[in-house]
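[1] Pasted the sequence and its predicted model underneath.
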Amino acid sequence: QLQLVESGGGLVQPGGSLTLSCVASGGTMEHYVIGWFRQAPGKEREGVSIISTTSRQAKYVDSVRGRFFISRDNAKNTAYLQMNMLKPDDTAVYYCATTFPHMYGSLHPGDFGSWGQGTQVTVSS
């Protein structure tokens, strides 16, 4: 089972940008679909974006489409979430997770196996 570590979170002003990274170890990331999720205080964990094993397909939740961009570098065992035009509502702990290729398309947390520990993103002036 892959071990995942997220990084890149922090405090940013509204309208700013951050890029999150998700580094995998203990295996090869290229065999897995990667998803990014977030959980704000008092709210359920929600799927943000997902990318196929080959990067040919990506999907976004409506609230981030056009502002967030998911990518991966299988040679580096790393996935990324570039976040632009950040809003206070984007404040949350962000997680990356893996699922199997046949599960591509799902943004349901229950369909994902390995999870990182999360990285905090705070959007505030």
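    Yes, it's here. Since we're looking at a predicted model, the values are computed, not measured. Numbering: from 1, shown residues only.

[2] Buried residues, stretch 96-104. List them.
    The neighbour-count check on stretch 96-104 (16 or more other Cβ atoms under 10 Å) flags 96-99, 103-104 as buried. Where C-beta positions appear, they are placed from N, C-alpha and C, glycine not excepted.

[3] Can you lay out those as JSON lines showing pLDDT?
    As requested, the buried residues of stretch 96-104 are exported to JSON lines (pLDDT from 0 to 100):
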{"residue": "Cys96", "pLDDT": "98"}
{"residue": "Ala97", "pLDDT": "97"}
{"residue": "Thr98", "pLDDT": "96"}
{"residue": "Thr99", "pLDDT": "95"}
{"residue": "Met103", "pLDDT": "90"}
{"residue": "Tyr104", "pLDDT": "91"}
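
[4] ok, so of these, who is nearest Thr78?
    The nearest member of the buried residues of stretch 96-104 to Thr78, counting by Cβ to Cβ, is Cys96 at 9.8 Å.

[5] can you pull out the strands in this protein?
    Taking DSSP state E, the strands of the chain run over residues 3-7, 10-12, 18-25, 33-39, 46-51, 58-60, 68-73, 78-83, 92-99, 119-123.

[6] Including distance to Gly113, could those go into CSV?
    Listed next are the strands of the chain as CSV, based on distance: least, Cβ to Cβ, whole Å:
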stretch, distance to Gly113
strand 3-7, 10
strand 10-12, 27
strand 18-25, 12
strand 33-39, 10
strand 46-51, 14
strand 58-60, 18
strand 68-73, 17
strand 78-83, 15
strand 92-99, 6
strand 119-123, 19
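
[7] Nearest to Phe112 among those would be which one?
    Comparing those under Cβ to Cβ, the one sitting nearest is strand 92-99, at 3.8 Å.
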